[in-house]
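[1] Could you look at this predicted model? Sequence included:
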Amino acid sequence: DAKTTQPNSMESNEEEPVHLPCNHSTISGTDYIHWYRQLPSQGPEYVIHGLTSNVNNRMASLAIAEDRKSSTLILHRATLRDAAVYYCILRDFNSGGSNYKLTFGKGTLLTVNP
Amino acid sequence: EPEVTQTPSHQVTQMGQEVILRCVPISNHLYFYWYRQILGQKVEFLVSFYNNEISEKSEIFDDQFSVERPDGSNFTLKIRSTKLEDSAMYFCASSGSNTGELFFGEGSRLTVL
């Protein structure tokens, strides 16, 4: 699996935007960029994914660099409930596998201050 | 909103005992996964399951582990003879397609004494 690099931790204030970076300089043309998060004492939770274009959903936005070597997860207005570990994961849907499992790294621990 | 449910939430067992962790995936999902997370460490892939057979397994998933979908709704992980190092949170996940998002349960904490 292609490797991603994320900061170990970040801090934000409540109701302010948060930009969580991810570097994936060895990304292949068929890798999709996925973001999951894990709230304290819970299982991972899907946030968003994209291939080339920026994506928006009700939880977040994903900004993908033109060369696809990096991406940024944007939480538009952080709440205390957004405090979690955020994982940036590459998933290659042309790898020939049948299940395209997720491979988690260490992620970024986001702390949200009230 | 449909969810993946796991039981038990916490199990304490003696080393060498057999443990079965149960999962009820989302009803129309066809792809199933088990992951584990040792305290303070990464979420690690154990096994994926589709069409009543294992699709892929990691090196962690040795002969002591097995999975089963006994009745079309439950998806179980069995550890035949638990070791101290099996103590972890075990997460079940399901997906509607092999490229779809994974939906995770809240986990079963296994403590081996």
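    Cool, the structure landed. Residues are numbered from 1 along each chain as shown, chains lettered A, B, ... in the order given.
[2] Chain A contacts on chain B?
    When proximity is defined by Cβ under 8 Å from any Cβ of the partner chain, chain B lies next to chain A at B:4, B:31, B:33, B:35, B:42-45, B:48, B:50, B:55-56, B:91, B:93, B:98-99, B:101-107. Bear in mind the C-beta positions are built from the backbone N, C-alpha and C, glycine included.
[3] Could you rerun that using 6 Å?
    Contact residues, chain B versus chain A (Cβ under 6 Å from any Cβ of the partner chain): B:31, B:42-43, B:45, B:48, B:55-56, B:91, B:98-99, B:101, B:104-107.
[4] ok, of these, which come out buried?
    Among the residues of chain B next to chain A, those buried by neighbour count (16 or more other Cβ atoms under 10 Å in any protein chain shown) are B:31, B:42-43, B:45, B:48, B:55-56, B:91, B:98, B:101, B:104-107.
[5] Just give the nearest non-adjacent residue to residue A:3, would you?
    Spatially, and ignoring its direct neighbours in sequence, residue A:3 is nearest to residue A:26 (6.2 Å; Cβ to Cβ, 6 or more residues apart in numbering or on different chains).
[6] ignore the last one, residue A:83
    Using Cβ to Cβ, 6+ apart and skipping the chain neighbours, the partner closest in space to residue A:83 is residue A:112 (4.6 Å).
[7] Which stretches in chain A count as strands?
    Listed in chain order, the strands of chain A (DSSP state E) span residues A:9-13, A:18-23, A:31-38, A:45-50, A:55-56, A:61-64, A:70-75, A:84-92, A:108-113.
[8] Using CSV, list the CA coordinates for the helix or strand of chain B with the lowest mean pLDDT.
    Least confident helix or strand, chain B: strand B:53-57 with a mean of 92, by mean pLDDT, DSSP states H and E. What follows is strand B:53-57, C-alpha atoms only, in CSV (Å, rounded to 0.1, in the frame of the first residue of the first chain):
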residue,chain,number,x,y,z
GLU,B,53,-14.9,-17.4,2.3
ILE,B,54,-11.8,-15.5,3.4
SER,B,55,-10.7,-13.0,0.8
GLU,B,56,-7.5,-11.9,2.5
LYS,B,57,-5.8,-12.3,5.9
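[9] Following element in sequence after it, please.
    Sequence-wise, the next helix or strand downstream of strand B:53-57 (DSSP states H and E) is strand B:65-68.
[10] so what does that next one touch, helix or strand wise?
    Using 3 or more Cβ pairs under 6 Å, 6 or more residues apart in numbering or on different chains; DSSP states H and E, the elements in contact with strand B:65-68 are strand B:75-79.
[11] Mind listing residues that contact the helix or strand following the strand it packs on?
    Counting by DSSP H and E, the next helix or strand C-terminal to strand B:75-79 is strand B:88-95. Outside strand B:88-95, the residues that touch it by Cβ atoms under 6 Å, 6 or more residues apart in numbering or on different chains are A:43, B:4, B:6, B:21, B:23, B:25-26, B:29, B:31-38, B:102-105, B:107-109.
[12] Drop anything exposed from those residues.
    Buried by 16+ other Cβ under 10 Å: A:43, B:4, B:6, B:21, B:23, B:25-26, B:29, B:31-37, B:102-105, B:107-109, out of the contacts of strand B:88-95.
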